[in-house]
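*Asks:* Coordinates only, no sequence provided:
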């Protein structure tokens, strides 16, 4: 069924011909050799400083007790490169063309990756230089935009997003190798249409970011609602990701290097970017069933848990912009997909620490999302490994870590299964009408959060430290009224999110008296592209105290800011875009722009109901003159297909199948009860 053919870059460069006799073993040697070379090179900080304008974070400052004059001793030294983490992007719709129209300074996948490469430089310390790699998994049609598809005999052209270059110049990226992902002899696919996948390294910077992509799927694997569930991934997506040392896949080529610790540092795969679409979900299911891939999902921690990032439109936007059948199909499928991510036992076993993971949902129309997500990842690692990234002193940082850990545990225990907590259920219970008693939904094991961003100017930011002005209150209102609402609309309808006429207009969201709020915990971070010395100077003797903003939060929400709010100012000293003459151009943010990031841990028991409630409001005319529910429209054919159910169980999809049945039966019974249908 499967034909794996790969080629080393050396042979391709000499002959321009792909030879099927080249083996994965040889290929893995080539990858490993190139990567290890990139990682042992000592960081040449002398020549690096010649790249950079002597201003911004890199200015020479008068030495004081708390800061050193030379920027090299403030941030960097003769570091050795190390891969800190690997990001997977499953289903390249996560960064589809529509996504880029909201980005001011990023217009292609290449720029997105370049930015990720550059701003991870924030993690330099005198001893090590941490880098990331990004792997893409895409289905038919996406490869062209990502620059990985050629017909046999063709090479990369001058307009290739990574390897294209003007005459007389070198491309910005250098390939480690060209290889075939898989070429599947599958129904409807053209065996002559071969796709080649570059693994790339960035030129001209002091470290290398390697990446690759894997393309699979037969022609016609479209986005139709009813085909979503009927497609059987066991025969085509899974063989592309579920590999081992004996029969490696294209994915193993990049992750299955012999010494995981050498290759990935301590972390392994720390972030998975996905949508709730089938390419993402089935890819992840295939990875979960591969022991080789599972060991790559690294240790996480309570500060920076293993995170899954989803991008979705708001609930109301789905419902408004789709046909009856399609909109309900998406609601049921998203409910089951999020449920799978939050309750699947395989995913429940990933990561280390307290095995707390986080599923983050972002709004699709979020301006500057790609830039901000990259900056946020840098902030996570900076916080985790280097207290000097914030305005805290070392003592403050220890106290902060303790408080964050305590809070994290407290609100996680409300919802996520652990040694001390059962975890709330995803879909409380439903009657399957099969003679058994009612089925209870599975326990949630991961924290579900939503996240939104905004950008403010340095002047606005500085004002928020002024206790006399109204700036702190204004900013908190903006965080709650605008950024939080925009993020929450992905999982709750807008009718639940508006202001009330009370003195605390958002108390129904953050401070519910019935102990069943929409939001458990809010984390606001200011990501500031400046040097730590300047940031400390701005905050002055007040340190990182945000008392005025805490008071404003209380008056808006009636929530206790000590247990349900965290505010931090984090320095990202290498982030700012320092002009066309500098190596750092292309980071996407200016020196005087501050990113405001608002993350809210939401209540999963309220989310699944918010997804399924719209499906219970209407009754439809079905064929043969009967009346039925949205569940009938979407799932009757699926629910009655016992052969398909048995196949799904054999494929290891029984947990997902049960979630789909729970969603169908809960919605169907609820609608019939509400509307008095037989």
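*Replies:* Done, it's in. In this text, all values refer to a predicted model and were calculated from it rather than measured experimentally.

*Asks:* looking at this structure, which helix or strand does the model trust least?
*Replies:* strand 2-3 (a mean of 36; mean pLDDT, DSSP states H and E).

*Asks:* packing partners for the helix or strand containing residue 570?
*Replies:* Take DSSP states H and E as the rule and residue 570 turns out to sit in strand 565-571. Helices and strands touching strand 565-571, by 3 or more CB pairs under 8 Å, 6 or more residues apart in numbering; DSSP states H and E, are helix 369-385, helix 394-415, strand 519-528, helix 532-539, helix 547-557. Every C-beta, even on glycine, is put in place using the N, C-alpha and C of the backbone.

*Asks:* Looking at those, which is nearest to residue 671?
*Replies:* helix 394-415 (27.0 Å; CB to CB).

*Asks:* ok and the strand holding residue 570 relative to helix 532-539, angle-wise?
*Replies:* 130 degrees (axes from the mean of the first three to the mean of the last three CA atoms, to 10 degrees).

*Asks:* Just confirm residue 596 is within a helix.
*Replies:* No: if the criterion is DSSP: H, G, I helix; E, B strand; the rest coil, then residue 596 is strand and not within a helix.

*Asks:* Counting neighbours, what do you get for it?
*Replies:* 22 (other CB atoms under 10 Å).

*Asks:* Quick check: beta-bridge partners of it?
*Replies:* As for beta bridges, residue 596 partners with residue 454, residue 526 under DSSP bridges.

*Asks:* That one contacts residue 460, correct?
*Replies:* No: using CB atoms under 8 Å, residue 596 is not in contact with residue 460; the gap is 9.6 Å.

*Asks:* Need the overlap of contacts for the two.
*Replies:* In terms of CB atoms under 8 Å, 6 or more residues apart in numbering, residue 596 and residue 460 are both contacted by the residues residue 475.

*Asks:* Nearest to residue 93, out of the helices and strands packed on strand 565-571?
*Replies:* helix 369-385 (13.4 Å).

*Asks:* Next, the buried residues of the closest one.
*Replies:* 369-384 (16 or more other CB atoms under 10 Å).

*Asks:* what helices or strands is that helix leaning on?
*Replies:* strand 80-90, helix 97-100, helix 109-119, strand 447-457, strand 519-528, strand 565-571, strand 593-602.

*Asks:* wait, which of these is closest to residue 273?
*Replies:* Between these, strand 80-90 lies closest to residue 273; by CB to CB that is 4.4 Å.

*Asks:* Can you mark which positions in the closest one are buried?
*Replies:* Buried residues in strand 80-90 (16+ other CB under 10 Å): 81, 82, 83, 84, 85, 86, 87, 88, 89, 90.

*Asks:* how many other residues sit next to residue 465?
*Replies:* Residue 465, neighbours per other CB under 10 Å, totals 18.

*Asks:* re the thing from before, so which of the helices and strands packed on helix 369-385 gets nearest residue 335?
*Replies:* With CB to CB as the yardstick, what comes closest out of the helices and strands packed on helix 369-385 is strand 447-457 (12.3 Å).

*Asks:* any idea which helix or strand comes after the closest one?
*Replies:* Strand 447-457 is succeeded, C-terminally, by helix 458-463 (DSSP H and E).

*Asks:* Give me the contacts around that following helix.
*Replies:* Residues contacting helix 458-463 (CB under 8 Å, 6+ apart): 469, 471, 475, 526, 528, 530, 538, 591, 592, 593, 594.

*Asks:* Need the max-distance pair from those residues.
*Replies:* Going by CB to CB, the pair spanning these furthest: 469 and 591, at 23.2 Å.

*Asks:* Between those two, tell me which one has more neighbours.
*Replies:* residue 591 (15 against 12).

*Asks:* any idea how far residue 517 is from that one?
*Replies:* As judged by CB to CB, to the nearest Å, residue 591 and residue 517 stand 38 Å apart.

*Asks:* before we move on, back to that, could you flag which of the contacts of helix 458-463 are buried?
*Replies:* 471, 475, 526, 528, 530, 538, 593, 594.

*Asks:* Going by distance to residue 339, which of those wins?
*Replies:* Out of the buried ones among the contacts of helix 458-463, the member with the shortest distance to residue 339 (by CB to CB) is residue 526, at 33.6 Å.

*Asks:* Was I right to think the closest one contacts residue 598?
*Replies:* No: with contact defined as CB under 8 Å, residue 526 and residue 598 do not form a contacting pair (10.5 Å).

*Asks:* Next, format the buried residues of strand 80-90 as a markdown table and append distance to residue 504 and pLDDT.
*Replies:* Shown next, in a markdown table, are the buried residues of strand 80-90 (distance: CB to CB, whole Å; pLDDT from 0 to 100):
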| residue | distance to residue 504 | pLDDT |
| --- | --- | --- |
| 81 | 50 | 68 |
| 82 | 48 | 69 |
| 83 | 47 | 71 |
| 84 | 42 | 73 |
| 85 | 40 | 76 |
| 86 | 43 | 81 |
| 87 | 39 | 87 |
| 88 | 41 | 89 |
| 89 | 40 | 91 |
| 90 | 40 | 89 |
